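Visitor: Structure for this input, please:
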Amino acid sequence: ARARARERERVRAALRARVREVVALLAAERYGAGVVAHPTAATALARLEAAGAQAIGALNMAEFALGATGHNAAFGDCRNAWQPEFVAGGSSSGSGAAVACGATALSIGSDTGGSVRIPAAANGVLGLKPTYGRVSRYGLVAFASSLDQVGPFATNVADAAELLQVIAGEDPRDSTCLKAPVPNYTAALQQPVAGLKVGIVRECFEAEGLDPEVKASVMAAAAQLEALGCELVDVGCPRFNDGIATYYVIAPSEASANLARYDGVKYGYRAADAAGLAEMTSRSRAEGFGDEVKRRILIGTYALSAGYVDAYYKKAQQVRTLIRRDFDRAFGSVDVLLTPTSPTTAFGFGAHSEDPLAMYLADLLTIPANMAGLPAISLPCGFDGAGLPIGVQLITGVLQEERLLQVAWNYEQAARVMEKRPVAALVP
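Guide: Sure thing, here's the model as predicted:
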């Protein structure tokens, strides 16, 4: 216990952060068979370094942040810290696993549809997706530009708050970055939560495929908040579960546009011995991209093609607006929303290799917060019968990270989930 306390203090003093490669300074931008040095110093990393942090390594991740399993075609599988035969979640797989196994106390990743929160839940750590625009995306390799957001991983809420304090704030190099002042996130943590209204999102607990153990553990977390003086309120967000269908039109469409630059001309993998420009471009993309990246590009290109853009992309954006309005109505009556982070705990490698649609359902409960640009956090709330972590997700309104961290910290201090954890060889 003393060693852990000393380590936390050391980390807080120096903010030594192991960073996810997608935002690493001169990191290897890895896809398929190709590796290319990324020349842009990410703002989030630059701010950490200015605060005294040291980037001590790059971490494995899903190729181009596309995938919720931790399988990476070029650099092997990223395995669950609790049970290596299970997935680590994705796409910020290494960020979650590294914090869980004690390789580092802090890391950062990017969250487009749950890519921070899902690996946090799978590995039993804390993962925070800030409000869209709260943290600069400058230097972040783009997946879906209207959804991507950089966020922290940590073993506890206080450390996540301190990391967010450093990386948040206006950046003139990112036109989507908000100009709102950054509050003192740490100061808000210990404020009591008595009297706050916590909305239990009805549609999440009625979702098909929700594991009974996950549901029971998350409802126990809600009961813990009630014991702290919160009022539990049944809340309806009718289009919450439509978020996943909306996402898998919008995100692949934006990805197909962003990844068009990887054509083998200026940078990235280039096929050898091509007879001409057309063949070089075609072969470079066919050989350089992995199967999942190709699948998403095809979906996005189809959705944006002439004759289909109104039927798919435009319609998806209209549903996105409706999802945002559902959240606006919900926050008219409650202070924070509570859901499971994922319908199930981590699944075994290869469990959905032949059924990508089943794999996509891992994002079902995290995607809506990205659709609306809202801050959301996942933190451990228990374990299933196999000893795998379960995550509870909290969501607040735009720029309400103070409230989000306040509720999360109070729950963490009261529940003491990790004091009751099962033994795992890789988890200190």
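Visitor: Residue 198 against residue 231, yeah?
Guide: Yes. Shown here, residue 198 and residue 231 form a contact pair, counting by CB atoms under 8 Å, at 6.9 Å. (Each C-beta comes from the backbone N, C-alpha and C, glycine too.)
Visitor: Which one's more surrounded, those two?
Guide: Taking neighbours as other CB atoms under 10 Å, residue 198 and residue 231 compare with residue 198 leading, 23 against 14.
Visitor: tell me which residues form a beta bridge with that one?
Guide: residue 232, residue 336 (DSSP bridges).
Visitor: What residues does it make contact with?
Guide: 222, 225-226, 230-233, 334-338, 407 (CB atoms under 8 Å, 6 or more residues apart in numbering).
Visitor: could I get those as CSV with distance to residue 401 and pLDDT?
Guide: Compiled in CSV, the contacts of residue 198 are given as follows (distance: CB to CB, whole Å; pLDDT from 0 to 100):
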residue, distance to residue 401, pLDDT
222, 21, 98
225, 18, 98
226, 23, 98
230, 18, 98
231, 22, 98
232, 22, 98
233, 21, 98
334, 17, 98
335, 13, 98
336, 11, 98
337, 14, 98
338, 16, 98
407, 11, 98
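Visitor: Buried ones only from those, please, as a ChimeraX command.
Guide: The following ChimeraX line selects those of the contacts of residue 198 that are buried, judged by 16 or more other CB atoms under 10 Å:
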select :222,225,230,232,334,335,336,337,338,407
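Visitor: Closest to residue 112 out of the contacts of residue 198?
Guide: residue 337 (19.9 Å; CB to CB).
Visitor: List phi and psi for the most centrally placed residue in the chain.
Guide: In the chain, the centroid-proximal residue (CA atoms, centre = their mean) is residue 116; its distance is 2.2 Å. Backbone torsions for residue 116, taken as degrees, to the nearest 10, come to phi -100, psi -50.
Visitor: Tell me the pLDDT of it.
Guide: With respect to pLDDT, residue 116 scores 95.
Visitor: Residue 200: helix or strand, and which one exactly?
Guide: Residue 200 is part of strand 197-201 when elements are defined by DSSP states H and E.
Visitor: helices or strands next to the following helix or strand past that strand in the packing?
Guide: Downstream of strand 197-201, the first helix or strand assigned by DSSP H and E is helix 202-205. On a contact count with 3 or more CB pairs under 8 Å, 6 or more residues apart in numbering; DSSP states H and E, helix 202-205 meets helix 212-227, strand 336-340.
Visitor: Quick check: which of these is buried the most?
Guide: With neighbours defined as mean count of other CB atoms under 10 Å, the helices and strands packed on helix 202-205 peak in mean count at strand 336-340, which reaches a mean of 27.
Visitor: helices or strands up against that strand?
Guide: Using 3+ CB pairs under 8 Å, 6+ apart, strand 336-340 sits against strand 197-201, helix 202-205, helix 212-227, strand 389-395, helix 401-415.
Visitor: all strands for the stretch 1-150 of the chain, in order.
Guide: Per DSSP state E, counting those that start in this stretch, the stretch 1-150 of the chain carries strands over the ranges 18-19, 28-31, 34-37, 71-72, 76-77, 106-110, 126-129, 150-154.
Visitor: pLDDT score assigned to residue 21?
Guide: At residue 21, pLDDT is 38.
Visitor: quick one, which of the helices and strands packed on strand 336-340 is nearest to residue 166?
Guide: Residue 166 lies closest to helix 401-415 among the helices and strands packed on strand 336-340, at 13.3 Å (CB to CB).
Visitor: Relative to the whole chain's centre, how far out is the closest one?
Guide: Centroid separation for helix 401-415 versus its chain: 19 Å, with CA atoms, centre = their mean, to the nearest Å.
Visitor: who's in contact with it?
Guide: Applying CB under 8 Å, 6+ apart, the contact partners of helix 401-415 are 126, 128, 130-131, 134, 156-158, 160-161, 164, 168, 183, 185, 188-193, 196, 198, 221, 224-225, 227-228, 230, 335-336, 375-377, 379, 381, 392, 394-397.
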